[in-house]
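Participant: just to be clear, the model below is a prediction. Sequence and coordinates:
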Amino acid sequence: MLGCGFHFGREGENMRKTRDYDAELRALVDKAKALKARKVQQLGELVTATGADALDIETLAGALIAAVEANVEAKEVWRAKGVAFFQRRGRKGGRGAASDDREPSEAGAGGSQG
């Protein structure tokens, strides 16, 4: 004879797990905070590596504002300089200061991204 009762395994095995939305939200908030902190740290390292930390804060802010407001052609020239900068540095450790033997921009460095 076959058993008459339905057995789907041990007790609670087929029950759905409840989600802890608060814990998930906290984890997402923590991850967002960590990503923001990492970005701020990397920007600080970039300022130092480029030598821009020698500028006073007003000059640096003005230069960044001008970069944001610049036309596409100027941004492409600056992007090419940035590509050359990271290629010279090897971009591995990224913590050492850039060398002072800055070369003129190589217009052909990197492909155009529109």
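Facilitator: All right, it came through fine. Given the structure is predicted, the values throughout are model-derived calculations rather than measurements. Numbers count the residues shown, from 1 in each chain.
Participant: now do the helices in the chain.
Facilitator: Using DSSP state H, the helices of the chain run over residues 21-50, 57-69, 72-89.
Participant: roughly how far does residue 81 sit from residue 37?
Facilitator: In this view, residue 81 and residue 37 are 28 Å apart by CB to CB, to the nearest Å. All C-beta atoms are positioned from the backbone trio N, CA, C, and that covers glycine.
Participant: which of these two has more neighbours?
Facilitator: residue 81 (17 against 10; other CB atoms under 10 Å).
Participant: pLDDT value on the more buried one, please?
Facilitator: Looking at residue 81, its pLDDT is 96.
Participant: ok, residue 15 next?
Facilitator: pLDDT for residue 15: 75.
Participant: what's the burial count for it?
Facilitator: Around residue 15 sit 7 other residues, with neighbours defined as other CB under 10 Å.
Participant: domains in this structure, by residue range?
Facilitator: 21-54, 57-93 (the TED database).
Participant: may I see the buried residues of the first one?
Facilitator: Pointing back at domain 21-54 there. The neighbour-count check on domain 21-54 (16 or more other CB atoms under 10 Å) flags 46, 49-50 as buried.
Participant: pLDDT for the residues you listed - can I get that in a markdown table?
Facilitator: Shown next, in a markdown table, are the buried residues of domain 21-54 (pLDDT from 0 to 100):
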| residue | pLDDT |
| --- | --- |
| 46 | 95 |
| 49 | 95 |
| 50 | 94 |
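Participant: nearest to residue 19, of the residues you listed?
Facilitator: residue 46 (39.4 Å; CB to CB).
Participant: contacts only, for that closest one.
Facilitator: Under the criterion of CB atoms under 8 Å, 6 or more residues apart in numbering, residue 46 has no neighbours.
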